[in-house]
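K.L.:
take a look and give me a structure for this.
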Amino acid sequence: MILVQIDNQISPEQKQFISEKISRMHCRYTEVLVKQKVIWVVEHKDTIDIRAIGSLEGVSDVHFVPDPYPLVSNKWRVENTIIRLGDGVEIGGEKGEKIIAGPCSVESEEQVENVCRFLKSRQIRLMRGGIFKPRSSPYSFRGLGIEGLKMFHKTASSYGIKIVTEVMERKQIDEMLPYVDVFQVGARNSQNFNLLDALGKAGKPVLLKRGISGSIDELLYSAEYIYSAGNPDIILCERGIRSFENAYRNCFDVNAIAILKDKSHLPVFGDPSHGIGIRKLVPQIGMAALAAGADGIIVEIHPQPEKAMSDGQQTLNFGEFDILLNGIKQLFAC
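P.N.:
Purely as a prediction, here's the structure:
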């Protein structure tokens, strides 16, 4: 693949000339608009001299990218992506937030208030919480819906906390948009390409989880869908994949974190709660993810996990979460 960055001041005549030149090379291209920058993703079968494109008037930069997902590849980016959520909250880079924490499901205003108060006391500025829940059983608690999201947003905002919550289908995006800081795409929707394309146009950061049986390449292709639709603010999330082992919930792939950091410029998070699914072992797996190079982790916590309406078996209480925080401090002090 070749990435051609078009000059913002290009004339229609120059643009037409470049297009014709690329066509004569027996290539085809897709135009991507990313934060006011125009990038052409050029597909080619034969070896071509990219200098022939880079020297054209109206081309500000050109890169050969050997990966089939060129926009999310780090082969053309000097620096890794940093996602800025406002109010000084960042994801990625040395100053980025290392932890996203909160309940599997938003259950009540009292619950959200308790978690927000606790997170603020621990200087954590990103909270997760599901309001639309994709559950294996249709009889399980499936979330409070949009009214729950409005309450979640109002309460979290009063504590200066940004929220991460899952979107399940395209028609939910517009209604959720004013109340969400980061859209989460769950494992079941990791290859819902219509949803990914819509999120690429929505203009809000996306935390993209790896599919239940998805490969690393498939995760990167899914991220490419979002990026190519115009949204570069993507967090890749390893959450474990299905395997033959039944001693734990999922096979948490620590290798994937290192590989993703090697292949992509996007921030990478680990989800130890879903990764192992065993409450007492979540802190160890969370620290393993960070030790492997993850930019951060997303962890499920609840004031009383035993009474949680979903995923209580993998959810930390506040005391257990403090043990994780202390472990992380020791890890980064080494």
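
K.L.:
please make it C-alpha for all contacts and neighbour counts, starting now.
P.N.:
Fine.

K.L.:
what is the least confident helix or strand in the protein?
P.N.:
Within the chain, no helix or strand scores below helix 51-54, which has a mean of 88 by mean pLDDT, DSSP states H and E.

K.L.:
what distance separates it from the centre of its chain?
P.N.:
34 Å (Cα atoms, centre = their mean, to the nearest Å).

K.L.:
after that helix, which helix or strand is next?
P.N.:
strand 59-64 (DSSP states H and E).

K.L.:
okay, residue 307 and residue 102: tell me how far apart.
P.N.:
15 Å (Cα to Cα, to the nearest Å).

K.L.:
give me the more crowded residue out of the two.
P.N.:
residue 102 (26 against 10; other Cα atoms under 10 Å).

K.L.:
gap between the more buried one and residue 204?
P.N.:
20 Å.

K.L.:
and residue 289, what does it touch?
P.N.:
Each residue near residue 289 by Cα atoms under 8 Å, 6 or more residues apart in numbering is listed here: 254, 257, 269-270, 272, 297.

K.L.:
what kind of secondary structure is it in?
P.N.:
Residue 289 falls in the helix class when you classify it by DSSP: H, G, I helix; E, B strand; the rest coil.

K.L.:
how about the helices in the stretch 101-250 of the chain?
P.N.:
109-121, 145-158, 170-176, 193-202, 216-228 (DSSP state H, counting those that start in this stretch).

K.L.:
now do the buried residues in the shortest one.
P.N.:
In terms of neighbour count (16 or more other Cα atoms under 10 Å), helix 170-176 has its buried residues at 173, 176.

K.L.:
cool, the second one as well?
P.N.:
By 16+ other Cα under 10 Å, the buried positions in helix 145-158 come out as 148-153, 155-156.

K.L.:
that one packs against which elements?
P.N.:
With contacts taken as 3 or more Cα pairs under 8 Å, 6 or more residues apart in numbering; DSSP states H and E, helix 145-158 sits against helix 109-121, strand 162-166, helix 170-176.

K.L.:
pick the one among the contacts of residue 289 closest to residue 113.
P.N.:
Nearest to residue 113 among those is residue 297, at 21.9 Å by Cα to Cα.

K.L.:
list the contacts for the closest one?
P.N.:
98-100, 269-272, 286, 289-290.

K.L.:
so it bridges to which residues?
P.N.:
residue 99, residue 270 (DSSP bridges).

K.L.:
one step back: can you add distance to residue 213 and give the contacts of residue 289 back as CSV?
P.N.:
Output for the contacts of residue 289, formatted as CSV (distance: Cα to Cα, whole Å):
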residue, distance to residue 213
254, 15
257, 16
269, 18
270, 16
272, 17
297, 20
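
K.L.:
in a markdown table: those, plus distance to residue 20 and pLDDT.
P.N.:
A markdown table is the format used below for the contacts of residue 289 (distance: Cα to Cα, whole Å; pLDDT from 0 to 100):
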| residue | distance to residue 20 | pLDDT |
| --- | --- | --- |
| 254 | 46 | 96 |
| 257 | 41 | 98 |
| 269 | 42 | 98 |
| 270 | 45 | 98 |
| 272 | 50 | 97 |
| 297 | 47 | 98 |
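
K.L.:
before we move on, the earlier item: nearest to residue 208, of the helices and strands packed on helix 145-158?
P.N.:
That would be strand 162-166 among these, by Cα to Cα, at 9.8 Å.
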